[in-house]
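**Student:** Just a sequence and a predicted model for now, questions to come.
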Protein chains: 4
Amino acid sequence: MAGNSFGTLFKLSTFGESHGVAIGGVLDGCPSGIEVDFDAIQNELNRRKPGQSAIVTQRKEPDTVEFYSGIFEGKTTGTPIGFAIHNTNQKSHDYTHIKDSYRPSHADYVYDQKYGFRDYRGGGRSSARETASRVVAGALAKQFLSEMKINAYVSQVGNMKMETPYQDLDFSQIEANPVRCPDPKMAAEMEAYIKEIRKEGDTVGGVISCVIQNVPIGLGEPAFDKLHAELGKAMLSINAVKGFEYGSGFDGVAMKGSEHNDQFNQDGTTKTNNSGGIQGGISNGMDIYFNIAFKPVATIIQPYQTIDKEGNFVQTKGKGRHDPCVVPRAVPIVEAMAALVMADFTLLNRTIKANS
Amino acid sequence: MAGNSFGTLFKLSTFGESHGVAIGGVLDGCPSGIEVDFDAIQNELNRRKPGQSAIVTQRKEPDTVEFYSGIFEGKTTGTPIGFAIHNTNQKSHDYTHIKDSYRPSHADYVYDQKYGFRDYRGGGRSSARETASRVVAGALAKQFLSEMKINAYVSQVGNMKMETPYQDLDFSQIEANPVRCPDPKMAAEMEAYIKEIRKEGDTVGGVISCVIQNVPIGLGEPAFDKLHAELGKAMLSINAVKGFEYGSGFDGVAMKGSEHNDQFNQDGTTKTNNSGGIQGGISNGMDIYFNIAFKPVATIIQPYQTIDKEGNFVQTKGKGRHDPCVVPRAVPIVEAMAALVMADFTLLNRTIKANS
Amino acid sequence: MAGNSFGTLFKLSTFGESHGVAIGGVLDGCPSGIEVDFDAIQNELNRRKPGQSAIVTQRKEPDTVEFYSGIFEGKTTGTPIGFAIHNTNQKSHDYTHIKDSYRPSHADYVYDQKYGFRDYRGGGRSSARETASRVVAGALAKQFLSEMKINAYVSQVGNMKMETPYQDLDFSQIEANPVRCPDPKMAAEMEAYIKEIRKEGDTVGGVISCVIQNVPIGLGEPAFDKLHAELGKAMLSINAVKGFEYGSGFDGVAMKGSEHNDQFNQDGTTKTNNSGGIQGGISNGMDIYFNIAFKPVATIIQPYQTIDKEGNFVQTKGKGRHDPCVVPRAVPIVEAMAALVMADFTLLNRTIKANS
Amino acid sequence: MAGNSFGTLFKLSTFGESHGVAIGGVLDGCPSGIEVDFDAIQNELNRRKPGQSAIVTQRKEPDTVEFYSGIFEGKTTGTPIGFAIHNTNQKSHDYTHIKDSYRPSHADYVYDQKYGFRDYRGGGRSSARETASRVVAGALAKQFLSEMKINAYVSQVGNMKMETPYQDLDFSQIEANPVRCPDPKMAAEMEAYIKEIRKEGDTVGGVISCVIQNVPIGLGEPAFDKLHAELGKAMLSINAVKGFEYGSGFDGVAMKGSEHNDQFNQDGTTKTNNSGGIQGGISNGMDIYFNIAFKPVATIIQPYQTIDKEGNFVQTKGKGRHDPCVVPRAVPIVEAMAALVMADFTLLNRTIKANS
């Protein structure tokens, strides 16, 4: 137990360092009988992979997943699904300059303190490369949850914020531009801004919004494992995430109860949805929506001062091929984590009533 | 497993409905040899309990905890600590009006859908009364973590927001006013505002900020169980919470990497702390700080329309004794949940190195 | 986490020391909608309680269980069931003689070594009194599993072994005698023998056999959580247990595969049942049966030499009121643990197929 | 969660079917800083692998393990260790005869019932091939536990039982013969007997005994997770195991308390060791020893009748290359599972005291 598993029933355990032999995972508890769409899985990986556009890191990693078990004659068997993605394009020498020093706002220093030493190549285990394994498992979760629709998109880059409510967006436009913002005009501006930032050797943060539709009533557990608490943990576990809010979120603070309460229609749906589809930790059948704040990537291609292992100041400069803004590539990761949470609660919810 | 346990090694399981016989819990994994300060535990419960001031619900619940096991001759024995708080002042007849109808933005409807029926009295399991058990366990966690300082306080009520950074606050002022805002002037204004809201029969939301100091380096796990992910889940599991952010949070989105990165001092501390004391999910020894958004309480003392079990519209009005603003009483709950997370990771961190 | 929880979905956490205020537990994950038969629960406690016959310890403990939550209008609500049994008849002064010395083959010594100190009264947490909490939860599990029939009985006391196969026994005779052996003649001999042993101030071991009937096909998981592995753990976790075997057990070792294999009937049942109802860790619909070995109780009412905390030899003698043979009272505990395992796998099995 | 993980802190998750692409696992929680002896790991796999002698299956599987992560510069990093063993010598056509029928006393039938369909090749997930992954993780556990000595050996084959107590055995003789029985004369007889059985196309069961020495005091948890309960579960989770006993085991039943109790020496050790090194579920520093019963392998190379999926009787005959007796190859599996249990409790025991 060192934090590398996620989920109770639909459970993913991941392994792998950025520049090791391979990354991968074991998905245990994926139900039997799902017809696996391998292209759809690879497509999710392609949405995450480096080099896909001009505004992301130019590393070339094919990120091809191999399945080792748990799928037979095209269907899941109910036994654990082992899989791996071999690392093929590591330029480890890019990192020898950080072997003995600590990059600011990276995990280098805390890893050395916690474990006594670290695999320094490319950030090792702390690299966001680990999330490729989540995307594989999340793609399988989506196939299990075929009725639900999970859509994430970029809603903010730097201080460029799209204010359009999700109901007015055309989700089919998300993949139409490299930023993954469904508002084409906003997307173009964001893209230009990211290119500018990259030219400076700098980076910038952003917000991803996520909407889950066609959610059955009853998912989530009352006390500690509230649906939004697990969604929040899932999102906060993604590299570079600094905040999570759902429904009315931080803006709900300034509202009065009389405005904020969602009045019922006769069929149990509600007229408004400040609750974000979740009441008391349990889905109420309305759309679930939430926002996730990502900080600017820590690796900048500018000279900076830092310390080495002995505590001496050293002068250095970011090398390697990095993302100027992480949110475009993080969209499929957000969807994957959302799918893992929803799959887990879907299974769990089958065990709630004595007779079902 | 239905979500009523929290923690891996320092593990709390809670039970209890608002108007049942008793609420309580089992704290398993609390280490042996802690000298228990019972007054300190009761004091935390008193900070949470109803009726403590003019701006909170006027229910009278003594909330006296009885310990059943796991403590001998004043010290924890290392065996599970069972405890209960008997419910003594339930006015269940206050709730017969909601037996057959669903309050808006409450969990009534989803409980009926999920479980087939519900204990409707006072919200049953969905009542924030459950959090009293967390406060008991959290108070024990604080005693285990005696080196760390965990301070939460109210930083916003409605749209009245205290902008003072935590470094400039005097935490000893938190308990000096019923709002639990350490800025006396701001506190007075907030108090007046809450009284006004109460007079309207309405409610309002707020923000609690929390600061953890004297944190050792190395707490938290890399992938899914990042320190801030567990803190986020812990906070989002508290009733009425809508959002969580740590360090630079949602504001960090608009920053550039070159501004956001925390430059090192020679001793491994950092000049700034946008990271909020956590790098890659692991504490770096700097102060941990985070904000939690609370929605306005759903129970308002105004007439409203809602639906009954058959889907007919019914006219009703909130009764009972409720909080106009939940944040003053939620401060000790936030601290308790923070303490549970820190205790768990403290124990877990003892198992990381082969020789320790 | 210190080993005081059992089960994944139907999960019991227990607390309590022999001479503390109360013992009890939290049962989390018990499905909603079970009509609770409180008499049946108390009846199971009565089968376990001291003083029930002339061949068990003469302590008087009423062992009345109080339910605190999770049951409303006579039915389980799906929320955690908290319960306690107050300790009312502790004679703690009976134990002051062991405060500073260690009883042979008791846990006194290892507790002091492990935890630094111990609640020495009546064995503290290591007392079999803890199992009363298991009986409560197990009785609820039985009510959930109303189709399955779980019967345990005494099949051996000392070297008096009943060789009758379970198929030839009348389970309705189990409760007809204080030994809980369904063969009346054998029961009478065992009873006489236990009385003789008690007169000597000595103790003796025994075997309990357990049969589970009407088991659906498919319970149990392939690799580590095989049905018999969980049953084995469950039984080995009961105080004084030294061994577990199922189906052909240790006798199966000497058989050849051609004899041991259970040939199929056309309906999927088998002609023989050396497998004990479990194939590859999964129930096959045949009866499950297993044996559990219990050692002689360690507390004997004879003088003996032991050591004190400083390692000096001291002369002492067992006091208190103890069982000469543990198996008659352990029968309901075995059934309770079996029921917990079967309930857990029943819930888990609902999550195996994508469409169910 | 479908039973494919073992351990709480030192946690192994395995994947893989007999004739899939690869088997393997993720070992999470293995502490950092262990210098990995790769030859020792491969040596354990070689002890388990087919084709190693004339009395085991003649399948040729090289069973070479590849490590994908968690080891850097020859040392464990504290991050999860992913590994795989590719399947290279599957003769899947050997199994087409069982595609549509069910082998007696195999898991074929229950898999189809539980999951709706199955990977029938070589038993799929129910194959003992899965245990190779356990051997890899167990070998790492042994390296972490370098002070403890874990020795398993064959003590019975069919009804040929070695009565010598373990204290009189020379463990260095275990590997001196293909049976892995440390008594050379007995080993020769067992070997001859197994060859005879193989000639008949039949199989036979056996017993493995295991001894753990140099165990620190204090490992194991009081209630459900007693040290022997976890050892029991670990052993019962190995394919073909039918029983487990420790210390005096089933023979202890017939003893009186006055004989069975282990009297103390002044240093806390005991004069006898009927307790098998465990008191109240916690190690007492004496040797731990236990026995494990294995049934005869179900696959026999003789004609037999069975049923097909439609419930028709069909005449068939075992094919493929199988073990006439499973115990010689199961010795390293027993040691591996013992090592996993001891490693887990070793880590857990670091978290028991407030100050340690």
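**Tutor:** Great, that's in hand.
**Student:** For the residue in the stretch 151-300 of chain A that chain D sits nearest to, list the residues it contacts.
**Tutor:** At 13.9 Å from chain D, A:Asp225 is the closest residue in the stretch 151-300 of chain A, using C-beta to the nearest C-beta. Where you see a C-beta, it was placed from the backbone N, CA and C, and this is true even at glycine. A:Asp225 makes contact with A:Gly281, B:Ala2, B:Gly3, B:Ser237, according to C-beta atoms under 8 Å, 6 or more residues apart in numbering or on different chains.
**Student:** A:Thr131 - that's part of a strand, no?
**Tutor:** No - counting by DSSP: H, G, I helix; E, B strand; the rest coil, A:Thr131 is not part of a strand but helix.
**Student:** Can you verify my assumption that it contacts A:Val334?
**Tutor:** No - the criterion here is C-beta atoms under 8 Å, and A:Thr131 misses it with A:Val334 at 9.9 Å.
**Student:** List the contacts of A:Met162.
**Tutor:** A:Ser155, A:Gln156, A:Cys181, A:Asp183, A:Met186.
**Student:** just checking, A:Glu245 is part of a strand?
**Tutor:** Yes - when three-state DSSP is applied, A:Glu245 is found to be in a strand.
**Student:** which residues does A:Tyr109 contact?
**Tutor:** A:Tyr109 makes contact with A:Tyr102, B:Phe264, B:Gly268, B:Gln279, B:Asn284 under the criterion C-beta under 8 Å, 6+ apart.
**Student:** go on, A:His106?
**Tutor:** A:His106 makes contact with A:Gly123, A:Ser126, A:Ala298, A:Thr299, B:Gln279, B:Gly280 under the criterion C-beta under 8 Å, 6+ apart.
**Student:** Kindly recompute the last result at 7 Å.
**Tutor:** A:His106 makes contact with A:Gly123, A:Ala298, B:Gln279, according to C-beta atoms under 7 Å, 6 or more residues apart in numbering or on different chains.
**Student:** Please apply the same query to A:Tyr289.
**Tutor:** Per C-beta under 7 Å, 6+ apart, neighbours of A:Tyr289: A:Tyr166, A:Ser209, A:Cys210, A:Val211, A:Tyr246, A:Gly276, A:Gly277.
**Student:** correct me, but A:Phe313 touches A:Pro104?
**Tutor:** No - in this structure, A:Phe313 is not within contact of A:Pro104 by C-beta atoms under 7 Å, at 12.0 Å.
**Student:** Compare those two and say which is more crowded by neighbours.
**Tutor:** Taking other C-beta atoms under 10 Å in any protein chain shown, A:Phe313 and A:Pro104 do not tie; A:Pro104 has more neighbours (25 against 13).
**Student:** so does the helix or strand encompassing A:Gln305 get close to chain B?
**Tutor:** Taking DSSP states H and E as the definition, A:Gln305 sits inside strand A:303-308. Yes - Strand A:303-308 lies within reach of chain B by C-beta under 7 Å from any C-beta of the partner chain, at A:Gln305, A:Thr306, A:Ile307.
**Student:** And the pLDDT at the first one?
**Tutor:** The reference is to A:Gln305. Looking at A:Gln305, its pLDDT is 89.
**Student:** Quick one: name whatever helix or strand follows the strand holding A:Gln305.
**Tutor:** Toward the C-terminus, strand A:303-308 is succeeded by strand A:313-317 as the next helix or strand (DSSP H and E).
**Student:** Would you mind pulling up the elements that the helix or strand following that next one packs against?
**Tutor:** Using DSSP H and E, the helix or strand that follows strand A:313-317 towards the C-terminus is helix A:327-349. Counting contacts by 3 or more C-beta pairs under 7 Å, 6 or more residues apart in numbering or on different chains; DSSP states H and E, helix A:327-349 is packed against helix A:38-48, helix A:131-144, strand A:149-157, strand A:206-213, helix A:227-236, strand A:288-294.
**Student:** elements contacting the fifth one?
**Tutor:** It refers to helix A:227-236. Using 3+ C-beta pairs under 7 Å, 6+ apart, helix A:227-236 sits against strand A:241-246, helix A:327-349, helix B:227-236.
**Student:** Can you pull out the low-pLDDT segments for chain A?
**Tutor:** A:1, A:89-94, A:320 (pLDDT under 70).
**Student:** who in it is up against chain C?
**Tutor:** When proximity is defined as C-beta under 7 Å from any C-beta, chain A approaches chain C at A:9, A:31-34, A:78-79, A:144, A:222, A:347, A:350-355.
**Student:** could you redo the last one with a cut-off of 8 Å?
**Tutor:** Residues of chain A lying near chain C by C-beta under 8 Å from any C-beta of the partner chain: A:8-9, A:29, A:31-34, A:76, A:78-79, A:144, A:222, A:347-348, A:350-356.
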